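K.L.:
A structural model of the following input is requested.
(one chain, ligands or ions: 3)
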Amino acid sequence: MSSTTRILGIEGTAWAASAAVYDSGTDDVFIESDAYEPDSGGIHPREAAEHMHEAIPTVVKTALEHARETYAGPADEPPVDAVAFSQGPGLGPCLRIVGTAARALSQSLSVPLVGVNHMVAHLEIGRHTADFDSPVCLNASGANAHLLAYRNGRYRVLGETMDTGVGNAIDKFTRHVGWSHPGGPKVEAAAKDGAYVDLPYVVKGMDFSFSGIMSAAKQRYDGVSASQASDSGDPADEHGESDGSVSLEDVCFSLQENIFGMLTEVAERALSLTGSDELVLGGGVGQNARLREMLETMCTQRGADFHAPEPRFLRDNAGMIAVLGAKMYDAGDTIAVEDSRVDPNYRPDQVDVTWRTDEPDLELGREEGTVQGAEALVDLEPEAGRVRKRRASKQYRHPSLDERLRRERTTLEARLTSLARREGVPTPVLVDVDRREAQLVFEYVGDRDLRDALTVERVRDVGRHLARLHLAGFVHGDPTTRNVRVGPTRTYLIDFGLGYHTDHVEDYAMDVHVFDQSLVGTAADPEPLREALREGYREVGEKRVLERLRDVEGRGRYVE
Ligand SMILES: C[C@@H](O)[C@H](NC(=O)OP(=O)(O)OC[C@H]1O[C@@H](n2cnc3c(N)ncnc32)[C@H](O)[C@@H]1O)C(=O)O
Ligand SMILES: Nc1ncnc2c1ncn2[C@@H]1O[C@H](COP(=O)(O)OP(=O)(O)OP(=O)(O)O)[C@@H](O)[C@H]1O
Ligand SMILES: [Fe+2]
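P.N.:
Ligands and ions are numbered 1, 2, ... in the order given. Next comes the predicted model:
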């Protein structure tokens, strides 16, 4: 085998018919793409497949010509070592066309096949171009939105959308407004002339959802168009103060502020949980300058490094398929034709990461001085027996949103921490609260974070604690292995700032799910701990919550 690997990559999960050639010796990536642009509405699976059918042979031919021109070896040898293709996730009819093309090409060139997960390719291209070791990865694409980190041979999903992908959410709004597909760039352009209006903001630990904010945005827009249509002097009279003065530009601006604010917040939470100081961005929505600016600002503020690949590697493209294909080929990760079936629901955490052997060190928590959490700076004073928690302003967030979140969360944290203790759940005593400064003083509890001292007994205890909160009608909102402190005899829940009162079984199940994901993301051997979480919950809580948890776990999947 030569020291240089050359791969022909093919991509075609939805809109981009694309072929590429990657040469690991020169690190050169040649990409030829042909985009499907719907005449009206969103992506129609059948039309997209027709486009694939026509465009794939042409882009592959161009890439193959390039491979031949740049190949220095004998003319009777194949100009690449393997053919890599996106095996999923994506639209079934499109994927099947790509799979067929890849199989035919591998046979005619007599080279092996490499089956690439499209979402893992979106994140690996960032790790490759940044030259980072073990970054947290935010995938912000059309049909998906994931927060991923490598642990024990897999990319673990630390958080993800609970409904649609981020690009699809934006595209649905622009369809409602009557703009052509894709909507993301149009929202970005319109946002330049907008001002901030309040819209919903929903994060649950490192998960998030877009349905609430999208319907509120549509309603705002309907208010705008109704007021323009009636045009009877003072729109504020007819549509209420807030609606009357809102323009479409304002809605676009505020959508970006909230949606990208949510993504940036969960990315920061993942950095804090894993102790990583590297973040990469992937996916088509990553082309948005405001999203990149927010992530960059967040990373700078917390002393982390941020990298976004160039736009041609962010949107769907075969370059990322070829680059990951080369790493997989070098690791011996090729597949036989019988195993090359495409999978429209292929999850990133189903992939055995054969091309990485490193294991990131989780930086241990500190016991004194100042810790930087995801949201706050926490001064630890164990001798004085107390901690001071300040929700400092986040520079990446719009000031109005920032003010609102800091105020709301400080108030909730004070209230729910005390309420939990009354329900028999160990929490720190609240010593002082200053709402204006978004500052809280608590009793110092425990001697370590659960993340650094995970045992089955402690996790079972957390299961019981969560069940107790839920029976009392509220959720923690962000239960992670860093938001549990452990002492010699007790486990304490801290950081209730994302908690809220609710009687929905769905919210209780989500709360357990968030903790479960943090176990998978931080534990060396998560399975016994996950079982213990459920056991503890079952002892105290309602069965229907664990039943709903199974539903929740089946969601957040790629849907066509
Ligand atoms: C499975 C696969 O087919 C799918 N691919 C995909 O969604 O294409 P991608 O190129 O990663 O992203 C397209 C999305 O990216 C959005 N987009 C493009 N430019 C944008 C911009 N400047 N601002 C916001 N969104 C933008 C589009 O509106 C569209 O929703 C995926 O990765 O989820
Ligand atoms: N009462 C306390 N006693 C002892 N340590 C504490 C206490 N409160 C916080 N800490 C420590 O400070 C860290 C950060 O605190 P906290 O989780 O409240 O901040 P945060 O910014 O909301 O963090 P994140 O959002 O990342 O969970 C905790 O993981 C814990 O190690
Ligand atoms: Fe994509």
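
K.L.:
Going by C-alpha atoms from here, please, whenever you check contacts or count neighbours.
P.N.:
Fine.

K.L.:
What segments of the stretch 51-200 of the chain are strands?
P.N.:
82-88, 113-117, 136-140, 145-151, 154-160 (DSSP state E, counting those that start in this stretch).

K.L.:
Any idea which of those strands gets closest to ligand 2?
P.N.:
Ligand 2 lies closest to strand 154-160 among these, at 13.2 Å (C-alpha to the nearest ligand atom).

K.L.:
And the closest one, how far out from the chain middle?
P.N.:
8 Å (C-alpha atoms, centre = their mean, to the nearest Å).

K.L.:
Save the strands of the stretch 51-200 of the chain as a markdown table, and put in mean neighbour count too.
P.N.:
Output for these, formatted as a markdown table (neighbours: other C-alpha atoms under 10 Å):
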| stretch | mean neighbour count |
| --- | --- |
| strand 82-88 | 30 |
| strand 113-117 | 28 |
| strand 136-140 | 28 |
| strand 145-151 | 25 |
| strand 154-160 | 24 |
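
K.L.:
export the ones you listed to TSV and tack on mean pLDDT and distance to ligand 1?
P.N.:
Below are these laid out as TSV (pLDDT from 0 to 100; distance: least, C-alpha to the nearest ligand atom, whole Å):
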stretch	mean pLDDT	distance to ligand 1
strand 82-88	98	7
strand 113-117	98	9
strand 136-140	97	7
strand 145-151	95	7
strand 154-160	94	12
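
K.L.:
close to ligand 1, is stretch 27-42?
P.N.:
No: Stretch 27-42 stays clear of ligand 1 (C-alpha under 6 Å from any ligand atom), getting no nearer than 9.5 Å.

K.L.:
That stretch: end-to-end distance?
P.N.:
One end of stretch 27-42 sits 35 Å from the other (C-alpha to C-alpha, to the nearest Å).

K.L.:
buried set for that stretch?
P.N.:
Using 16 or more other C-alpha atoms under 10 Å as the test for burial, stretch 27-42 gives V29, F30, I31, E32, S33, D34, A35, Y36, E37, G41, G42.

K.L.:
The second one in helix, strand or coil?
P.N.:
Secondary structure for F30, judged by DSSP: H, G, I helix; E, B strand; the rest coil, is strand.

K.L.:
State the distance from it to ligand 1.
P.N.:
Computed as C-alpha to the nearest ligand atom, to the nearest Å, the F30 to ligand 1 distance reads 17 Å.

K.L.:
Isn't A270 up against D207?
P.N.:
No: assessed by C-alpha atoms under 8 Å, A270 is found out of contact with D207, at 10.5 Å.

K.L.:
burial measure for Y221, as a count.
P.N.:
Neighbour count for Y221, taken as other C-alpha atoms under 10 Å: 23.

K.L.:
Repeat that for A384.
P.N.:
The burial count for A384: 9, using other C-alpha under 10 Å.

K.L.:
Also the one 3 residues further on?
P.N.:
Around V387 sit 23 other residues, with neighbours defined as other C-alpha under 10 Å.

K.L.:
quick one: it and V378 touch, right?
P.N.:
Yes: in this structure, V387 is within contact of V378 by C-alpha under 8 Å, at 6.6 Å.

K.L.:
can you tell me which helix or strand the residue nearest to A509 when sequence neighbours are not counted belongs to?
P.N.:
Spatial nearest neighbour of A509, chain neighbours left out: L549 (4.8 Å); criterion: C-alpha to C-alpha, 6 or more residues apart in numbering. In this assignment (DSSP states H and E), L549 forms part of helix 543-553.

K.L.:
Next, find the distance separating E65 from ligand 2.
P.N.:
In terms of C-alpha to the nearest ligand atom, E65 sits 51 Å off from ligand 2.

K.L.:
Any figure for the gap between that residue and A82?
P.N.:
In terms of C-alpha to C-alpha, E65 sits 15 Å off from A82.

K.L.:
thinking again about what came up before, same list as before, the strands of the stretch 51-200 of the chain that is, but in JSON lines and with distance to L281 included.
P.N.:
Shown next, in JSON lines, are those (distance: least, C-alpha to C-alpha, whole Å):
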{"stretch": "strand 82-88", "distance to L281": "19"}
{"stretch": "strand 113-117", "distance to L281": "17"}
{"stretch": "strand 136-140", "distance to L281": "5"}
{"stretch": "strand 145-151", "distance to L281": "10"}
{"stretch": "strand 154-160", "distance to L281": "14"}
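
K.L.:
Output the ones you listed as a markdown table; include the columns distance to ligand 2.
P.N.:
Putting the strands of the stretch 51-200 of the chain into a markdown table (distance: least, C-alpha to the nearest ligand atom, whole Å) gives the following:
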| stretch | distance to ligand 2 |
| --- | --- |
| strand 82-88 | 33 |
| strand 113-117 | 30 |
| strand 136-140 | 14 |
| strand 145-151 | 15 |
| strand 154-160 | 13 |
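
K.L.:
closest to W179 out of the ones you listed?
P.N.:
Nearest to W179, of all those, is strand 136-140, at 21.1 Å by C-alpha to C-alpha.

K.L.:
what lines up beside the closest one in the sheet?
P.N.:
Paired with strand 136-140 in the same sheet, following DSSP bridges, are strand 145-151 (antiparallel), strand 278-282 (parallel).

K.L.:
ok but Y492 is inside a helix, no?
P.N.:
No: checked against three-state DSSP, Y492 lies outside a helix; its state is strand.

K.L.:
That one against V486, yeah?
P.N.:
Yes: if you go by C-alpha under 8 Å, Y492 and V486 touch, sitting 6.2 Å apart.

K.L.:
Quickly list what's touching both of those two.
P.N.:
Residues touching both Y492 and V486 comprise V445, G446, with contact defined as C-alpha atoms under 8 Å, 6 or more residues apart in numbering.

K.L.:
How about the helix or strand that L263 is a member of and ligand 1, any contact?
P.N.:
Taking DSSP H and E as the definition, L263 sits inside helix 248-274. No: using C-alpha under 6 Å from any ligand atom, helix 248-274 stays clear of ligand 1, with a minimum separation of 8.5 Å.

K.L.:
That helix - what's its average pLDDT?
P.N.:
For helix 248-274, mean pLDDT is 96.

K.L.:
Likewise for stretch 368-383?
P.N.:
For stretch 368-383, mean pLDDT rounds to 92.

K.L.:
cool, and stretch 222-237?
P.N.:
On average, stretch 222-237 scores 64.

K.L.:
now do stretch 432-445
P.N.:
pLDDT averaged over stretch 432-445 gives 95.

K.L.:
Can you name the residues of the chain that neighbour ligand 1?
P.N.:
Neighbours of ligand 1 within the chain, by C-alpha under 6 Å from any ligand atom: 13-14, 89-90, 119, 141-144, 167-168, 171, 182-185, 188, 283-285, 287-288, 315-316.

K.L.:
quick one: which of these sit in helices?
P.N.:
With helices defined by DSSP state H, the entries of the residues of the chain next to ligand 1 inside them are M119, G167, N168, D171, G184, P185, E188.

K.L.:
so which of the residues you listed is the most crowded?
P.N.:
Ranking those using other C-alpha under 10 Å puts M119 first, with 27 neighbours.

K.L.:
Could you measure from that one over to V246?
P.N.:
Distance, M119 to V246, by C-alpha to C-alpha: 37 Å.
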